[in-house]
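Participant: just coords:
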Ligand SMILES: Cc1cc2nc3c(=O)[nH]c(=O)nc-3n(C[C@H](O)[C@H](O)[C@H](O)COP(=O)(O)OP(=O)(O)OC[C@H]3O[C@@H](n4cnc5c(N)ncnc54)[C@H](O)[C@@H]3O)c2cc1C
């Protein structure tokens with residue numbers, strides 16, 4: 001088995017998402033650049049996307065231009081990138097194991113490898129929780145990875161073509177799309193998909209109203225993270241768009257043709273999307289004895305350290321108590337961003353023999369983007385408490401979260417340039433991706 005050894009203090013970060021890539025970039029630009037530590041980022045994919053953009057990729061309203069290539073980012077930021085999927089850990093030997101990388105024909109490109117570490121950071125994110133419901137894995141589309149989002153986009157566009165082109169318009173049945181889960185992901189995706197059907201009809205590839213969108217949710221209200229007032233405003237907006245909201249409906253089985261619910265309904269659907277909750281990947285459970293919770297997240301203390309002194313966890317895969325609140329710190333991009341910033345300080349101090357920094361989560365509120373139709377949410381401030389926002393201000397704040405992530409990766413100047421170039425690109429190219 002191939003292995004990589006290092007002389008300097010070796011920090012291995014597994015997972016280059018909202019949390020891991022920001023941490024690798026910051027550490028690389030400081031410790032890596034000064035030659036004070038060896039920073040290695042390992043990810044199962046070759047490029048990064050900020051996950052809240054995935055529903056736009058799926059709907060085809062965003063293209064590959066938002067992807068960040070890990071190798072280029074590593075070169076610019078003085079860390080090393082290694083492609084591969086972590087599959088095991090030996091805490092005693094301070095080694096992690098990465099499975100062989102295969103191409104699409106199953107041919108081995110990179111053999112199984114071992115990486116030694118002095119400090120290990122786990123930031124492998126989360127996956128959809130299917131709750132072992134029959135048929136979900138086989139028949140649903142998911143929005144956990146870029147590959148899944150592109151698969152979704154392809155299937156969506158092909159379904160529109162199959163359903164409309166060359167058919168007698170009077171006999172065309174609407175394309176039925178059912179989304180399970182009325183959290184932010186399900187709601188935002190429904191609005192994006194509605195926008196796509198409109199654009200396709202403008203381009204002559206669809207009739208207006210030739211799609212039926214349904215959201216199915218076990219709880220009795222949508223958007224549990226937002227106050228009632230905003231959830232109601234969102235419900236009204238979705239109803240105006242013709243989205244059928246089936247609240248209080250528990251899904252019991254999914255088949256190729258549709259969805260069965262506990263109250264005996266059958267909802268026919270050509271495309272079924274699962275967006276009903278998350279869990280950390282199953283392989284984190286019992287990872288060489290590290291403590292985990294029932295949804296496989298690694299339990300961390302207030303300094304983001306796991307039950308092993310040399311291993312930290314940040315982002316969605318970490319279970320971090322949120323003092324004064326009923327649950328843990330929520331699995332959100334702003335939490336991932338803040339945890340990366342805190343752990344960065346801790347790791348700098350660690351090399352100087354200083355104690356770790358405690359993590360405090362600041363909830364700046366929740367925002368939900370309904371595509372071009374509206375953005376709603378609540379902003380939290382120490383002085384003002386919770387304030388409901390909508391319209392242009394909400395849109396700006398929603399985008400500022402992504403801009404903060406881009407600034408952490410590319411700096412201020414490049415972020416401004418990237419934003420301007422995207423603005424111009426969007427004014428020239430198709431509003432949706434059609435290939
Ligand atoms: C469609 C969608 C919309 C969302 N919208 C919002 C929003 O509006 N606001 C908000 O705050 N949050 C939102 N979220 C949640 C937010 O995206 C996550 O909380 C955030 O991305 C978590 O960051 P992370 O670094 O923990 O994980 P991720 O960003 O998921 O990154 C995990 C990384 O680990 C890699 N990885 C996984 N397994 C392995 C392995 N075995 N070996 C090596 N690498 C591995 C993956 O390839 C990935 O690059 C949304 C999520 C989705 C899916």
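Facilitator: Yep, it's here. As the structure is a computational prediction, the values presented were derived from the model and not from experiment.

Participant: which residues touch residue 105?
Facilitator: Remark: with contacts taken as Cβ atoms under 8 Å, 6 or more residues apart in numbering, residue 105 is in contact with nothing. (C-beta placed from N, C-alpha, C; glycine too.)

Participant: so what pLDDT did whichever residue of the stretch 1-150 of the chain sits closest to the ligand get?
Facilitator: Checking the stretch 1-150 of the chain residue by residue against the ligand with Cβ to the nearest ligand atom singles out residue 17 as nearest, at 1.7 Å. With respect to pLDDT, residue 17 has a value of 97.

Participant: where are the low-confidence patches of the stretch 1-150 of the chain?
Facilitator: Under the criterion pLDDT under 70, the flagged ranges of the stretch 1-150 of the chain are 1-6, 63.

Participant: around the ligand, pick out the residues from it.
Facilitator: Along the stretch 1-150 of the chain, the residues adjacent to the ligand under the rule Cβ under 6 Å from any ligand atom are 14-20, 42-45, 48, 51-52, 54-55, 85-86, 123-125, 143.

Participant: just the strands in the stretch 301-435 of the chain please.
Facilitator: Listed in chain order, the strands of the stretch 301-435 of the chain (DSSP state E, counting those that start in this stretch) span 311-313, 318-320, 365-370, 374-381, 385-390.

Participant: the residues of the stretch 1-150 of the chain next to the ligand in helices, which ones?
Facilitator: Of the positions in those, 20, 54, 55 sit in helices, assigned by DSSP state H.

Participant: now, of those, which are buried?
Facilitator: Buried positions within those, assessed by neighbour count (16 or more other Cβ atoms under 10 Å), are 20, 54, 55.

Participant: what ranges does the stretch 101-250 of the chain have for its helices?
Facilitator: In chain order, the stretch 101-250 of the chain shows helices spanning 136-139, 146-164, 184-202, 228-240, with DSSP state H, counting those that start in this stretch as the criterion.

Participant: any idea how many residues pack against residue 199?
Facilitator: When neighbours are defined as other Cβ atoms under 10 Å, residue 199 has 18 of them.

Participant: and if you look at residue 266?
Facilitator: The number of residues packed around residue 266, counting by other Cβ under 10 Å, is 12.

Participant: do the one 10 residues further on as well
Facilitator: Residue neighbour count, defined by other Cβ under 10 Å, stands at 24 for residue 276.

Participant: equivalent analysis for residue 197, please.
Facilitator: Should you count by other Cβ under 10 Å, residue 197 turns out to have 26 residues around it.

Participant: from memory it sits against residue 203, does it?
Facilitator: No - taking contact to mean Cβ atoms under 8 Å, the distance of 10.9 Å between residue 197 and residue 203 leaves them out of contact.

Participant: re the thing from before, so which of the helices of the stretch 101-250 of the chain is the most surrounded?
Facilitator: Stretch with highest mean neighbour count among these: helix 184-202 (a mean of 23; mean count of other Cβ atoms under 10 Å).

Participant: what is the nearest of the buried ones among the ones in helices among the residues of the stretch 1-150 of the chain next to the ligand to residue 279?
Facilitator: Distance to residue 279 across those (Cβ to Cβ) is lowest for residue 54, with 17.2 Å.

Participant: tell me the contacts of that closest one?
Facilitator: By Cβ under 8 Å, 6+ apart, residue 54 lies in contact with 143, 144, 145, 146, 148, 149.

Participant: from residue 263, how far out is it?
Facilitator: When Cβ to Cβ, to the nearest Å is applied, the distance between residue 54 and residue 263 equals 31 Å.

Participant: contacting residues around the residue in the stretch 151-300 of the chain that the ligand sits nearest to?
Facilitator: Nearest residue of the stretch 151-300 of the chain to the ligand, counting by Cβ to the nearest ligand atom: residue 185, 4.3 Å away. Neighbouring residues of residue 185 by Cβ under 8 Å, 6+ apart: 55, 143, 275.

Participant: now residue 149
Facilitator: Residues near residue 149 by Cβ under 8 Å, 6+ apart: 49, 54, 55, 57, 58, 143.

Participant: just the pLDDT for whatever residue of the stretch 251-400 of the chain ends up closest to the ligand.
Facilitator: The ligand sits closest to residue 315 of the stretch 251-400 of the chain, with a gap of 2.1 Å, by Cβ to the nearest ligand atom. On pLDDT, residue 315 comes in at 98.

Participant: quick one, what contacts the residue lying closest to it once chain neighbours are set aside?
Facilitator: Nearest residue to residue 315 in three dimensions, chain neighbours excluded: residue 19, at 3.3 Å (Cβ to Cβ, 6 or more residues apart in numbering). Shown in contact with residue 19 (Cβ under 8 Å, 6+ apart): 123, 125, 314, 315, 316, 336, 337, 339, 340.

Participant: outline the domain layout of the chain.
Facilitator: Dividing the chain into domains by automatic domain parsing, as the record does, gives the ranges 2-126+280-363, 136-274, 366-428.

Participant: now the second one: how far from the chain's centre is it?
Facilitator: The one in question is domain 136-274. 19 Å (Cα atoms, centre = their mean, to the nearest Å).

Participant: what residue is smack in the middle of the chain?
Facilitator: Among the residues of the chain, the one closest to the centroid is residue 51, at 3.1 Å (Cα atoms, centre = their mean).

Participant: that residue contacts residue 18, correct?
Facilitator: Yes - under the criterion of Cβ under 8 Å, residue 51 lies in contact with residue 18, with a separation of 6.5 Å.

Participant: alright, calling it a day.
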